[in-house]
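[1] with the sequence up front, the predicted model follows.
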Amino acid sequence: MASHFVWYELMTTDTAGAEAFYKTVIGWKPEPMPGMPYTIMKVGDTGVAGMMTIPEEAAKMGQPPAWVGYIYADDVDAKTESVRKAGGTIHRAPEDIPTVGRFSVVADPQGAVFMLFKPQGEDGTQHPAGTPGTIGWRELYAKDWTSAFDFYASQFGWKKDQAIDMGEMGTYQLFTIDDEQSGGMMDKPAEMPVAAWAYYFNVEAIDAAAGRVTQNNGKILNGPMEVPGGSWIVNCVDPQGAMFSLVAPRR
């Protein structure tokens, strides 16, 4: 089996402000994690993402507010070393989160950061694809998407799907995880300083959601726009400066 994204996390400068923003915009239900300075964002009774203050060490290095994704690893230590041998970077060596799981912080050979994670226990109930509040798409802005795809395919078993010609913007390569269309990769625009992952959150209707973004001090960078397949997207920045996107089946 291929390795899936299993968690998403916002590192921010103002968790209370971020909680209020995403609760209103996306409809998540925030719930503090017992004994930890961490907030779980839930859809119904199921956690889909977390929020925390940017760690002091990362803040000193200039880490801005950002969303990050966790990819499943059956053996976090071995996979961390595998990423390093493939040209990636280890930003934080594997360690345990008591009662939660084991993780590491790494980057692909082009610098895009992600986490490796093996949770303790079984995963919770999974919502059907497209459920509002769940994560609907994952997008990699790479320096060179072709070599980036080769890295993720070799490390996690992902496979190519349809490739979309975007003209001057180049190719948008869709990828599947266990035969499920899960995201896309493209070369990053010149004005984007570093390679990075971006995440799309499902909402019911794009215009209403975009309105909630601006009404709550977020910014719209692009859209709403229709994408191949008929969905609508909007690219945004939250009030603390973290980039995120929304996707909906209709306007």
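    Alright, I've got the coordinates.
[2] and the lowest-mean-pLDDT helix or strand in the chain, how far from the chain's centre?
    When each helix and strand of the chain is scored by mean pLDDT, DSSP states H and E, helix 56-60 comes last, with a mean of 80. Helix 56-60 sits 21 Å away from the centroid of its parent chain (CA atoms, centre = their mean, to the nearest Å).
[3] so which bits of it are buried?
    By neighbour count with 16 or more other CB atoms under 10 Å, helix 56-60 contains the buried residues Ala58. (C-beta placed from N, C-alpha, C; glycine too.)
[4] what's in contact with that helix?
    Applying CB atoms under 8 Å, 6 or more residues apart in numbering, the external contacts of helix 56-60 come out as Met11.
[5] extract the CA atoms of it and return them as PDB.
    Listed next in PDB are the C-alpha coordinates belonging to helix 56-60 (Å, rounded to 0.1, in the frame of the first residue of the first chain):
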ATOM      1  CA  GLU A  56      10.400  28.800  19.700                       C
ATOM      2  CA  GLU A  57      13.300  27.200  17.900                       C
ATOM      3  CA  ALA A  58      11.500  27.500  14.500                       C
ATOM      4  CA  ALA A  59      10.400  31.000  15.300                       C
ATOM      5  CA  LYS A  60      14.000  32.100  15.900                       C
END
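[6] that helix: what's the following helix or strand?
    Toward the C-terminal end, the helix or strand that comes next after helix 56-60 (DSSP states H and E) is strand 66-72.
[7] for that next one, list the C-alpha coordinates in CSV.
    The C-alpha trace of strand 66-72 is given here as CSV (Å, rounded to 0.1, in the frame of the first residue of the first chain):
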residue,chain,number,x,y,z
ALA,A,66,2.1,27.8,7.7
TRP,A,67,0.1,24.6,7.2
VAL,A,68,2.1,21.3,7.1
GLY,A,69,1.0,17.8,6.3
TYR,A,70,1.9,14.5,7.9
ILE,A,71,2.5,11.4,5.7
TYR,A,72,2.2,8.0,7.2
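[8] give the other helices and strands that it contacts.
    Here strand 66-72 touches strand 5-12, strand 113-119, strand 196-202, strand 243-248, going by 3 or more CB pairs under 8 Å, 6 or more residues apart in numbering; DSSP states H and E.
[9] format the ones you listed as CSV; extra columns: distance to Glu180 and mean pLDDT.
    Listed next are these as CSV, based on distance: least, CB to CB, whole Å; pLDDT from 0 to 100:
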stretch, distance to Glu180, mean pLDDT
strand 5-12, 11, 95
strand 113-119, 19, 95
strand 196-202, 15, 97
strand 243-248, 15, 96
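[10] let me have these in JSON lines, extended by mean neighbour count.
    Shown next, in JSON lines, are the helices and strands packed on strand 66-72 (neighbours: other CB atoms under 10 Å):
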{"stretch": "strand 5-12", "mean neighbour count": "21"}
{"stretch": "strand 113-119", "mean neighbour count": "21"}
{"stretch": "strand 196-202", "mean neighbour count": "22"}
{"stretch": "strand 243-248", "mean neighbour count": "22"}
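[11] wait, which of those is closest to Tyr141?
    Comparing the helices and strands packed on strand 66-72 against Tyr141 with CB to CB, the closest turns out to be strand 196-202 (5.5 Å).
[12] what's the mean pLDDT across the following helix or strand past that closest one?
    Tracing the chain past strand 196-202, the next element assigned as helix or strand by DSSP H and E is helix 206-215. The pLDDT scores in helix 206-215 average 97.
[13] below-threshold pLDDT in the stretch 51-200 of the chain: ranges please.
    122-125 (pLDDT under 70).
[14] what sits against the closest residue to Thr39 other than its chain neighbours?
    Excluding its sequence neighbours, the residue lying closest to Thr39 (CB to CB, 6 or more residues apart in numbering) is Met51, at 4.5 Å. The contact partners of Met51, taken as CB under 8 Å, 6+ apart, are Glu9, Leu10, Thr12, Thr15, Ala18, Glu19, Tyr22, Pro30, Tyr38, Thr39, Met41.
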